[in-house]
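> Need coordinates for the following:
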Amino acid sequence: MSSAAPPLVRRLTAEATGTAALVAIVVGSGIAAQQLSPDDIGLQLLENSTATVLGLAVLILMFGPVSGAHFNPAVSVADWLAGRRTGTGLTAIEAAAYSAAQTIGAIAGAILANAMFDQAAVQFSTHDRVTTGHLIGEMVATSGLIALIFTLARTGRTTLAPAAVAAWIGAAYWFTSSTSFANPAVTLGRICTDTFAGIAPTSAPGFIAAQLLGALTGLGLVALLYPPLPEAADPAADRVLLPRPGMTD
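Okay, here's the model as predicted:
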């Protein structure tokens, strides 16, 4: 079993493509939900969240062996922070490159979803979402996501990531007031659609700040509950997500 990660260009392609597909699923299912259930917002959210849960699990399985299937700058930055002292996880440059690829992919995914439903490909949301409750919801959703991912990594259960991560996002759609964006790249992508899943450009900075604060909170909780093992005992303790890059042969 090889321990070498695939070339960075392959990993960035996987991150950009996977994030584009994720946003296309979120936005596309939101548009479909509006069309199928125009008078029932609760049913729209059920349709949107169901598609997102199923699609996210598939995307993690598909792209995890190449890049780790982060699809989320908060995850990539947390991966760097958690492994910077032991040399595990992403380097700072890789984390920045992952974040850029994820953001580009997210914007492309929103444009693709708009085009699939015969809407203007390039548009901007007018859906203002910033309230105190929404920002608290984003902190909770993101901290739970990061805590879950790194708990799985530190307890050797990363094979559960597709189901567990999708389940958390699906649950957080319903129990948070913000409907769980929990992802700075996805937040930026959702600016580019004035549909059910959109977010106004003026709301995005607050969401992203709350997500990053939530990521730090989640990482702190994991450090408290699951201190990393000595490097010699488990050099991969902080690596995320599921089958690691280079571990497919």
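> can we go C-alpha only for contacts and neighbour counts from here?
OK.
> Low-confidence stretches in the protein?
Scanning the chain for pLDDT under 70 picks out the ranges 1-3, 229-249.
> let's see it at 80
Residues of the chain that meet the criterion pLDDT under 80 lie in 1-4, 85-87, 228-249.
> Tell me the first helix or strand C-terminal of the host helix or strand of residue 108.
Applying DSSP states H and E as the criterion places residue 108 in helix 92-116. Using DSSP H and E, the next helix or strand after helix 92-116 towards the C-terminus is helix 132-154.
> Summarise which helices and strands the helix holding residue 108 is packed against.
Other elements packing on helix 92-116 under the criterion 3 or more CA pairs under 8 Å, 6 or more residues apart in numbering; DSSP states H and E are helix 8-36, helix 73-83, helix 184-190.
> Let me see the contact set for residue 112.
By CA atoms under 8 Å, 6 or more residues apart in numbering, the residues touching residue 112 are 24, 121.
> related to what we said a few turns ago, the helix holding residue 108 versus helix 73-83: what angle between them?
Orientation check (axes from the mean of the first three to the mean of the last three CA atoms, to 10 degrees): helix 92-116 against helix 73-83 gives 160 degrees.
> any idea how far residue 120 is from the residue most central in space within the chain?
The structure's the chain has its C-alpha centroid closest to residue 72; by CA atoms, centre = their mean the separation is 3.9 Å. Noted for residue 72: a distance of 26 Å to residue 120, by CA to CA, to the nearest Å.
> quick revisit: from the chain's centre, how far out does the helix holding residue 108 sit?
Put simply, helix 92-116 sits 11 Å off its chain's centre (CA atoms, centre = their mean, to the nearest Å).
> for stretch 107-123, same thing?
The chain centre lies 20 Å from the centre of stretch 107-123; the measure is CA atoms, centre = their mean.
> Give the buried residues for it.
Buried residues in stretch 107-123, defined by neighbour count with 16 or more other CA atoms under 10 Å: 107-114, 119, 121.
> Cool, thanks, signing off.
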